[in-house]
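> generate a structure from the sequence data that follows.
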Amino acid sequence: LLDEADAHLQAIVRACHGPVSDDLLAQFTARNWVSDLYICSHHPFGHNPDMTIREHPAFRSGHPKHFTGEWCTASWRGYMDDQFLSVNPWAWKRFEKKKGQKDAAAKARQSKAMALNLEDALKESLWCAMHLEFALTPSVPRVPSATTTGATRERFLRQPVVGRPPRIVLLALALGPSGPSMACSLSRTAVAQGWDMYLAVGRYTGLIGKYSRTLEAIELMHLNDNDKVVFVDGSDVLAQLGPEAVIKTLAEGQAFAADLIFSAEDNCFPLGGWPHSLGLDRGRYVCDHRFPVANESTTLNKVGTHWVNTGGWVATARAAKLALEQMDALVTAHHESKCYKGGTDQLLGNAMFLRHRDRNYATKDAKVPRRDTVGLDADSKIF
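Predicted structure coming up:
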């Protein structure tokens, strides 16, 4: 039975995250996935941290840049327990015979119920790890960010618009009752830098709603395809560059040559945590092998910022709409899923980067070349 389960699991991995090397594929076994769930559900949150590390070393077995190595986040552990494992991190012990329990029928019913809960937990965690498809084996060499050549620079300059030069606008989210007031610092610095700035206001629907609200705002702005959109979160950002500086940076190729460029950070969240890490190499493979190599000498913290931060990005209006439509459609189709709990916008942004960094997007129009790419401002030239 285990061999059959392993075969099915490995077929799913190949379909969702192919190509997959043989050594990685060998790590995808039913036994390993159950073990990963066990580790996640046994995190003793709320206890003394030193005791946690000493008594549960697996607690720190994840990626070191994911909450200093937590195997899974508190929200994911809570979700698994609340929904499937009866809020009891030791629910697995229900399979064991309790001392003094003589009612065999009661034990059988309890074990059956627990088995069904465990099955649901395994299905949910597996689906959440597989549905955001990206290749586990890079199709191009991983290199530090480099200057943009004249050929790739044409991506930013294509599709000239007759009648006016391309615009560049700053769009910030300022959702909820306090959103506009929290964006005051950004507004003051942006106006001083000469930005054509817009605030997207309205009801706050959680981090997962960022993409739909941003898409609505861009559609209302009547931008042309080759206009540039610089997006930031409104509450914790200051404008230290003006629009001319950003245009110059893009034209000189100091950021990745791409039509959508995410800002970067030095935390691999949430892909450093299970199940999004897929449990590979004890949760470290995706963060260490599927993102670009950080040029540590260019970063203030000397650590390197080579993981996606969705709190800032710059894109052509056309590429922004395509990306936002994809993510909004995914959220809409799976709005009842809790896969984005504790990761939300960050999970979708990192997955999009991994899906498209080695190849181009697909477009809705088959006649339009697949020419849009996603990059990362790993050297912090813009963000």
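> look at Ala351 and give its secondary structure.
At Ala351, secondary structure determined by DSSP: H, G, I helix; E, B strand; the rest coil is helix.
> and Ala264, by the same measure?
Following three-state DSSP, Ala264 is assigned to strand.
> for it, give its distance to Asp22.
Distance, Ala264 to Asp22, using Cβ to Cβ, to the nearest Å: 32 Å. C-beta here means a position set from N, CA and C on the backbone, and glycine is covered the same way.
> ok, the two, which is more surrounded?
Ala264 (26 against 6; other Cβ atoms under 10 Å).
> tell me the pLDDT of that one.
Per-residue pLDDT puts Ala264 at 89.
> show the contacting residues for it.
Thr305, His306, Trp307, Val308, Asn309, Leu376, Asp377, Ala378, Ser380, Phe383 (Cβ atoms under 8 Å, 6 or more residues apart in numbering).
> who wins for neighbours among those residues?
Ranking those using other Cβ under 10 Å puts Val308 first, with 30 neighbours.
> in contact with that residue, which residues?
By Cβ under 8 Å, 6+ apart, the neighbours of Val308 are Phe262, Ser263, Ala264, Glu265, Gln346, Gly349, Asn350, Phe353, Leu376.
> swap the cut-off to 10 Å and go again
Val308 makes contacts with 262-265, 268-269, 271, 291, 345-354, 357, 374, 376-378, as judged by Cβ atoms under 10 Å, 6 or more residues apart in numbering.
> that one and Gly272: what is the separation?
12 Å.
> go on, Val246?
Taken as Cβ to Cβ, the span from Val246 to Gly272 is 30 Å.
> which one of the two has more residues nearby?
Gly272 (27 against 21).
> so what sits against both of Val308 and Gly272?
Asn350.
> mind putting the contacts of Ala264 into a markdown table with pLDDT and distance to Ile168?
Shown next, in a markdown table, are the contacts of Ala264 (pLDDT from 0 to 100; distance: Cβ to Cβ, whole Å):
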| residue | pLDDT | distance to Ile168 |
| --- | --- | --- |
| Thr305 | 67 | 23 |
| His306 | 82 | 25 |
| Trp307 | 91 | 26 |
| Val308 | 92 | 22 |
| Asn309 | 92 | 20 |
| Leu376 | 87 | 20 |
| Asp377 | 87 | 16 |
| Ala378 | 81 | 22 |
| Ser380 | 84 | 19 |
| Phe383 | 89 | 15 |
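> closest one of these to Val191?
Ranked by distance to Val191 (Cβ to Cβ), the contacts of Ala264 are led by Phe383 at 19.2 Å.
> okay, now the residue nearest to the closest one when sequence neighbours are not counted: neighbour count?
Leaving out its chain neighbours, the residue that sits closest to Phe383 by Cβ to Cβ, 6 or more residues apart in numbering is Ser263, at 3.3 Å. Ser263: 22 surrounding residues under other Cβ under 10 Å.
> can you check the one 4 residues further on too?
Using other Cβ under 10 Å, the number of residues around Asn267 comes to 17.
> and it, how far from Leu347?
13 Å.
> from Gly272, how far out is Val331?
Counting by Cβ to Cβ, the gap from Val331 to Gly272 is 22 Å.
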